[in-house]
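[1] Build the 3D model from these lines:
(chains A, B and C)
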Amino acid sequence: MTVTLFIPCFMDALYPRAGISMVEILERLGHQVVCPEEIACCGQPPFNSGYWNEARTIATPVLEKLADAEAVVIGSGSCGAMVKNFYPELFKATRHAELAKQVAARTWEFSDFLVSKLGVTDLGAKFPHKVTFHDGCHGLRELGIHKQPRALLAKVRELELVEMTEVSCCGFGGTFAAKFPMISTAMGEVKCASAAETGAEYIVSSDSSCLMHIQGLLSRQGKPTKTVSLAEVLNHQ
Amino acid sequence: MSTFVSDFKTRATEKAGDLRHRQVIRTALRGYEIVRDKRKAAFQSWESARQAAAETKWEAVNHLDKHLEALTAKLEARGTKVHWASTGEQAREIIAQILRDKKARCIIKSKSMTSEEIHLNHALEKEGFTVVESDLGEFIVQLRHEPPYHLVFPSMHLTRGEIKDLFQKELGDAPSDAPEELTMVARRVMRQKYIQADVGFTGANFAIAETGMISITENEGNARLTAALPKTMVTLIGIEKVLPRFADLALFLPMLATAGAGQPMTCYNTMYSGPRQPGECDGPEEWHVVLLDNRRTELLADAEQRDALHCIRCGACLNVCPIFRNVGGHTYGTTYSGPVGAVITPHLRGLQEWKHLSNASSLCGACTEACPVKIDLHHHLLQNRRNASASEPAFFERLAYQIFGIVANEPAFWSLAKKLGWLTQPLQKVVKGSALDPARAWTKTRDLPAQPRESFKDWWRNRK
Amino acid sequence: MSERENILGRIREALKVNAPLPGWHGERSAEHLSAGDPAANARNLAARSGTASDWLPLVGASVAEQFELFAKNAADLKADFQLLASRDELKAALLKLRDAEKWRRVASHGGELTDFACKALGLPVTLTDCGYDVQEMEQCDAGITECDALIAQTGGVAVTSRSAGGRALSVLPPHHVVLARREQLVADLPAAFALLQQKYAPDFPSMISFITGPSRTGDIERILVLGAHGPKKLTILCV
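    Down below sits the predicted model:
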């Protein structure tokens, strides 16, 4: 099928490798990938801060661009939740209300798309490291993504997955990280400690924004643990 | 910036950096988590129970007037005096008047967060009444002149050593720091107070419309004694706490205990339907029930967030909230802390003055997942943010999003922005963390990611 | 206008707009906010299949299983439960308690089982039925009461101010002894509430209490301490 892949703003600028991995994986699976160049951001930052008019300004062209897509795949859990769960709310009682619902119905987060829509779990990947998986909160609780990444990781050769004992928010939360930096940092410290307990070399996540925050803390603290996106692991040979 | 939000930020920063405090909270909650998970697993279907509880509360709150009328009629028929208070001030005056009428001097209290909400103790003490908190945790924080730290565990933030020192200082009685011994000190202190108090004051967990009852949940037995011995009993309850039927308690009591404390049932769950009845050998001669609004009807009128009134005050959302776990209950600076506090306080005390509680969240959704009555907590935080910025937008923040919108929607601007970001990276390294650094909020404690030269869109464009 | 009318008026005004149905998190469409038709919304509430007994913890069907569950739960709560085969065994159990705990005075109320117990103990008794002196009750080593039900699901006991000698008797003395009959065992909380409603409605005792274990607190470092204000010991003798 033709997959419209939406790589959101921070992934585009800061984590292109994750997006590139997604393109390569989807093409290897035989699908045609389209990346609309005109849209950069799903509109979540103003939306989360309560500025819904401004969010609509950013989201409207996104919605219109995705209107005819056969399948929309979004490269991060939080942006996926924005389009799938929150666009219908954002566009309620506007002329785009129906379109938002339709696009939402055709939108998946990347790991969810592979497992739930395509029924694929083995991508022929190899990643000979001990890893732990961090569930981004939007993906976990808004989109119900928990089994899907683990089903994919289970098929990655020589990868050892160790679960953290505690499930908790990494503390990024978008603008929250800048508005309440000390709380955000404390939450991140708890997450890093939790990951360290597993002895994993890599923290893997399907949300690069979480990884940005976690890696930022790990680097500042001089910790050896590394972070990597799920897509890059699944594309690793 | 209002003083509430600047105080919050100051306290939050201090507590978030206080590793000892964070560890005390973690340890206190870890014990709870283990038993809570065990008890939830014992349910044949915790999720079905949640759905049923959510629907029952929906039924209760969305027919609130009818249930309150039924409740009142039944209570009054058996001799209870029911009072209605629109505001905290009215409630305080009603209660103070009862005490004056009874020429009371000493009031023994069992736990009531609603009485905290209306600052009852302070008002009564100012008038010269002696108020004794009988719940151990409340007794401890009363001695420390501080508010309860948590909906259910008032003294969660204190170690046994601190409590021992407190008892030594205030009571002159602290044989050791063993919890057993300290509890016995409190037991000894309370004994005669129950027997000699003029008035017993209680809170309430549920009000049953069908049978005209007030239900009180506790572990210690202090509420049982408060409702048994003094000649006059006064109960304060928020109007939203109704349940339609007596049988509904069979679901709500074990759910409250499970979510709130990880217990199958709390030790004493007691339903009162009147003062001492003919043929009974004890109990108060007079029972006054004070129904409190205090802006709950405003929250009721917000249909989108009305389910916040379904709250059974179990504290489960506090226990899972990463913000609460890292800054603690006192940081919020108001009676109701944690996620439910962040949702309802803007309604009960003013949106613009208290919106910061709704802002101080990463919207992780753990609260909504934990809530036994399925309140849509984290989405309500978002709705509060929307309502706050719709009525009073912050000029620069809104401008920033407007500019961001222009940049994001125009490929040429977006490319330019990325290029500028990459070019100024070396500069960023120079100012990092200092007052000149625009990203200081981030870089004070975290490194920024390195921006690669080629963005995803560059790669995509180049491969064509 | 009274405050009652003010408050009820505000409630009625607020309820003119219907709230979204519970547990609807995935649905954010405007259809749920249909104004002015609470009956329709009530009908739309997800058809609930089952009752609380289907969701609360599992209780075995047979009486034997239920007694086993009750015994296990009581033990977890640190309540002392004894299932006795006869009145003789009940008497022996009471005497054993009296001697081991060194009781000198007990409090109780009139009733078939409590009369038997007080006679067996042969101690001075403070009876509550016609009123009592609280300071005298405070001197009692134990409070002996009957009950309305034993609940297998929780290991708890249901008492009322009518069946258990008032409000204070089951909570003031440091040791609460409950005398129960085998037929009083019910499976779960829904059954207990149904029993109480059937037995007493509409003229309920002014106090109904579910007692689940001895008094306790976790307020100090979440360490469990028994006997916070209520009884430190709870003994349930079932005959």
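
[2] what sits against C:M1?
    For C:M1, the contact set (CB atoms under 8 Å, 6 or more residues apart in numbering or on different chains) comprises C:G9. (Glycine included, C-beta is placed from N, CA and C.)

[3] wait, is B:M233 part of a helix?
    No. Under DSSP: H, G, I helix; E, B strand; the rest coil, B:M233 sits outside any helix and is assigned strand.

[4] residue contacts, it?
    For B:M233, the contacting residues are B:199-202, B:226-227, B:275, B:284, B:286-288, by CB under 8 Å, 6+ apart.

[5] Next: B:L249.
    With contacts defined as CB under 8 Å, 6+ apart, B:L249 is in contact with B:206, B:208, B:215, B:243, B:269, B:271, C:189, C:193.

[6] ranking those by neighbours, who comes first?
    Using other CB atoms under 10 Å in any protein chain shown as the neighbour test, those are led by C:L189, with 31 neighbours.

[7] Keep only those of the contacts of B:M233 that are in strands.
    For the contacts of B:M233, the ones inside strands are B:199-202, B:286-288, with DSSP state E as the criterion.

[8] near chain C, which residues of chain A show up?
    Contact residues, chain A versus chain C (CB under 8 Å from any CB of the partner chain): A:85, A:88-89, A:92-93, A:101.

[9] rerun at 6 Å
    Contact residues, chain A versus chain C (CB under 6 Å from any CB of the partner chain): A:88-89.

[10] is chain A contacted by stretch B:12-28?
    Yes. Applying CB under 6 Å from any CB, one finds stretch B:12-28 in contact with chain A at B:12-13, B:16.

[11] mind putting the ones in strands among the contacts of B:M233 in a markdown table, pLDDT included?
    Shown next, in a markdown table, are those (pLDDT from 0 to 100):
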| residue | pLDDT |
| --- | --- |
| B:V199 | 98 |
| B:G200 | 98 |
| B:F201 | 98 |
| B:T202 | 98 |
| B:E286 | 98 |
| B:W287 | 98 |
| B:H288 | 98 |
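
[12] Now compare these and name the two farthest from each other.
    B:T202 and B:E286 (13.7 Å; CB to CB).

[13] residue nearest the centroid of chain A?
    By CA atoms, centre = their mean, chain A has its centre lying nearest to A:S76, at 1.9 Å.

[14] Against A:V167, how distant is it?
    19 Å (CB to CB, to the nearest Å).

[15] can you check A:G173 too?
    Counting by CB to CB, the gap from A:G173 to A:V167 is 16 Å.

[16] ok, now B:K9?
    Counting by CB to CB, the gap from B:K9 to A:V167 is 27 Å.

[17] quick one, which of B:T202 and B:E286 is more surrounded?
    Looking at B:T202 and B:E286 with other CB under 10 Å, you find the greater number of neighbours at B:T202, namely 28 against 18.

[18] what's the residue closest to the geometric middle of chain C?
    Centroid-nearest residue in chain C, with CA atoms, centre = their mean: C:F210, separated by 1.1 Å.

[19] Which of the helices or strands spans B:A53?
    Per DSSP states H and E: B:A53 is located in helix B:46-61.
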